[in-house]
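1. dropping the sequence and predicted coords here.
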Amino acid sequence: MDLKAGRLVDPCSTRKTLTGAWRTFVPVVDQEKCIKCSLCEIYCPEGCIHQVNGQFVPDLDYCKGCSVCAHECPRTCITMILEEK
Amino acid sequence: MSKGNGSSMIRDTANMKVVEGSYAVAHAVMCCRPDVISAYPITPQTHIVENLSQMVADGELDCEFLTVDSEFSALSVLIGASACGARTYSSTTSQGLALMYEVLYNVSGMRIPVVMNVANRAMGAPLNIWNDQQDSIGARDVGWLQIYVEDVQEAVDATLQAYKIAEDAQIRTPIMVCMDGFILTHVYEPVELLDKERALEFLPPFKPADILDPAHPKSFGTFADPSTFTEFRYQQFEAQLKALEKIELVAREFEETFGRNYGGLIDSYQADDAEVLLVTMGSVVGTIKDAIDAMRSEGKKVGLIKVRSYRPFPVLALRKALKDASAVAVIEKDVAIGAEAGLVTDLKAAFYNSSIRVPIIGFAAGLGGRDITVKDIRKIVEKAEAARKEMKSEFEFLNLREEIL
């Protein structure tokens, strides 16, 4: 990566600069129990849970592991798991 | 090491004018053609920006002069202005500089080449408006370059040099030109004011490669996570090391154009055969030179090393300059409360891993505006001579009034 002095970047830089590195817990969705209500997508403060091929999947490039999705899920089908790196 | 000829040079007195130090510096800033000035008044800095504001109002200087609500805003404004390609200027002191603290890091981290005069003043509490250098020494690690000047002429000349150093594409680092408050800002002395045309030749226009431009959107100073933050700090560190050469180069270029030289990183006085070398920064250099003249006439081999560039810290130049001394005494107007003081600590660190073994003692002097006299300098030299045999104290407060403690 070419680091421009002063942290100078072009627009849309977070497409390249991934921000999920400080996550400690990772959300794991039980797709069997999921009723596709989309509350996790609505509540996610980072806007990083989206429906992919019908299933709600957290984008781990940006997920900070805050667990809001797990807290809000009415079916409690999201579990926060300690992520080993 | 380049050697200045500050005291012995012959000046062209025909162009000299007797002006207040603050006016002389304001005039120098005008000759540097800033596009945006933003400042907040605070003693003893006020006269500098007051004069600049007058120059803008009188049409002498084509520049946006922004009056803001605080020093925090004063410096923040300049980040935006400079990022848009404007040459920028501010000036402050003491509590004003302290209020800028967060912004100081933002300016240096975004590599914004602001030039700022610091009219050195004590930090409260207790409230004190007199001169010492606690304010800028306290900001020594914020990533700015710091130049300390001896007299008004040097303050003028260093201000012009500062733009050339800070705006260099390889350096792009903000710079403080530190001048002792009142002693230099309020003194009237003969000064050769800069010639606008020659300043124009000396200092090219500010043309940064990247600016904020709606047609080509960019962001400065964005997020850097642990995987890159170290590298950004390293870039700043490297730029300061490059400034070591640039400061010397600009001092030589300045001499070619204007005929005056104060040394680049450091300057010396009667240092070549000196046994005791004093090291200091700022206006007390004048008193020390007088004291040295007196002691030399009595046969004492005493000399002076004046540190102009405190950041970057000129480790190699100082090793070379001090290697043959038998004792070194550092006189400085600041104290690192709980340790020693800025200059003496840095100097000792510069020597520890070298082969040079010379006793170094430090003095916190002139705090809160207390005078430093020729008699005081003699006393310091005596202590340095004594330290060659036995070091009784590595660091002390000069003239501590024990009777009132």
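-> Nice, thanks for sending it over.
2. so residue B:132 sits against residue B:372, correct?
-> No. Between residue B:132 and residue B:372 no contact is recorded; they are 10.3 Å apart, counting by C-beta atoms under 8 Å. Bear in mind the C-beta positions are built from the backbone N, C-alpha and C, glycine included.
3. which of the two has more neighbours?
-> residue B:132 (26 against 21; other C-beta atoms under 10 Å in any protein chain shown).
4. report the central residue of chain A.
-> Residue closest to the mean C-alpha point of chain A, counted by C-alpha atoms, centre = their mean, is residue A:63 at 3.0 Å.
5. next one: whatever residue of chain A ends up closest to chain B, what pLDDT does it get?
-> For chain A, the nearest residue to chain B under the criterion C-beta to the nearest C-beta is residue A:6, separated by 3.6 Å. Residue A:6 carries a pLDDT value of 92.
6. ok, residue B:11 next?
-> According to the model's per-residue confidence, residue B:11 sits at a pLDDT of 59.
7. what does residue B:5 give?
-> 47.
8. same check, this time on residue B:1
-> Model confidence at residue B:1, given as pLDDT, is 38.
9. please name the residues that touch residue A:10.
-> By C-beta atoms under 8 Å, 6 or more residues apart in numbering or on different chains, the residues touching residue A:10 are B:217-218.
10. and if we set it to 6 Å?
-> For residue A:10, the contacting residues are residue B:218, by C-beta atoms under 6 Å, 6 or more residues apart in numbering or on different chains.
11. tell me what residue B:191 is bridged to.
-> Beta-bridge partners for residue B:191, by DSSP bridges, are residue B:17.
12. re earlier: and the residue of chain A closest to chain B, how many neighbours?
-> Using other C-beta under 10 Å, the number of residues around residue A:6 comes to 21.
13. need the overlap of contacts for residue B:132 and residue B:372.
-> Residues touching both residue B:132 and residue B:372 comprise residue B:366, with contact defined as C-beta under 6 Å, 6+ apart.
14. test my guess that the residue nearest to the centre of chain A contacts residue A:47.
-> No. Taking C-beta atoms under 6 Å as the contact criterion, residue A:63 and residue A:47 are not neighbours in contact, 10.3 Å apart.
15. work out for me the element residue B:42 sits within.
-> Assigned by DSSP states H and E, residue B:42 belongs to no helix or strand.
16. mind listing the helices for chain A?
-> Remark: helices of chain A, listed N- to C-terminal, are A:39-43, A:68-72; assignment by DSSP state H.
17. reformat the ones you listed as JSON lines; add distance to residue B:356 and mean neighbour count.
-> Formatted as JSON lines, the entries for the helices of chain A read as follows, by distance: least, C-beta to C-beta, whole Å; neighbours: other C-beta atoms under 10 Å in any protein chain shown:
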{"stretch": "helix A:39-43", "distance to residue B:356": "65", "mean neighbour count": "16"}
{"stretch": "helix A:68-72", "distance to residue B:356": "60", "mean neighbour count": "17"}
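18. can I get those helices in JSON lines including distance to residue B:289 and mean pLDDT?
-> Conversion of the helices of chain A to JSON lines gives the following (distance: least, C-beta to C-beta, whole Å; pLDDT from 0 to 100):
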{"stretch": "helix A:39-43", "distance to residue B:289": "71", "mean pLDDT": "97"}
{"stretch": "helix A:68-72", "distance to residue B:289": "68", "mean pLDDT": "97"}
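19. in JSON lines: those helices, plus distance to chain B.
-> Formatted as JSON lines, the entries for the helices of chain A read as follows, by distance: least, C-beta to the nearest C-beta, whole Å:
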{"stretch": "helix A:39-43", "distance to chain B": "23"}
{"stretch": "helix A:68-72", "distance to chain B": "21"}
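20. ok, residue B:228 - how many residues close by?
-> 14.
21. how about the closest residue to chain A within chain B, secondary structure?
-> Nearest residue of chain B to chain A, counting by C-beta to the nearest C-beta: residue B:111, 3.6 Å away. Here residue B:111 is recorded as coil under DSSP: H, G, I helix; E, B strand; the rest coil.
22. what helix or strand is residue B:95 on?
-> Under the assignment here (DSSP H and E), residue B:95 is part of helix B:94-99.
23. pull the CA atoms of that helix into PDB?
-> Backbone C-alpha positions of helix B:94-99 (Å, rounded to 0.1, in the frame of the first residue of the first chain) are rendered in PDB as follows:
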ATOM      1  CA  SER B  94       1.800  30.200  26.700                       C
ATOM      2  CA  GLN B  95      -1.800  29.300  27.600                       C
ATOM      3  CA  GLY B  96      -2.700  30.000  24.000                       C
ATOM      4  CA  LEU B  97      -0.300  27.400  22.700                       C
ATOM      5  CA  ALA B  98      -1.600  25.000  25.400                       C
ATOM      6  CA  LEU B  99      -5.100  25.500  24.100                       C
END
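24. residue B:139 versus residue B:178, what's the distance?
-> As judged by C-beta to C-beta, to the nearest Å, residue B:178 and residue B:139 stand 10 Å apart.
25. what about these two, which has more around it?
-> residue B:178 (29 against 21).
26. touching, that one and residue B:137? I think so.
-> No. Using C-beta under 6 Å, residue B:178 is not in contact with residue B:137, being 8.9 Å away.
27. buried ones in the lengthiest helix in chain B?
-> Counting residues, the longest helix in chain B under DSSP H turns out to be helix B:229-258. Of all the residues in helix B:229-258, those buried under the rule 16 or more other C-beta atoms under 10 Å in any protein chain shown are B:232, B:235-236, B:239-240, B:242-244, B:246-251, B:254-255, B:258.
28. in the stretch 301-405 of chain B, which spans are helices?
-> Assigned helices in the stretch 301-405 of chain B, in chain order: B:315-322, B:342-352, B:374-387 (criterion: DSSP state H, counting those that start in this stretch).
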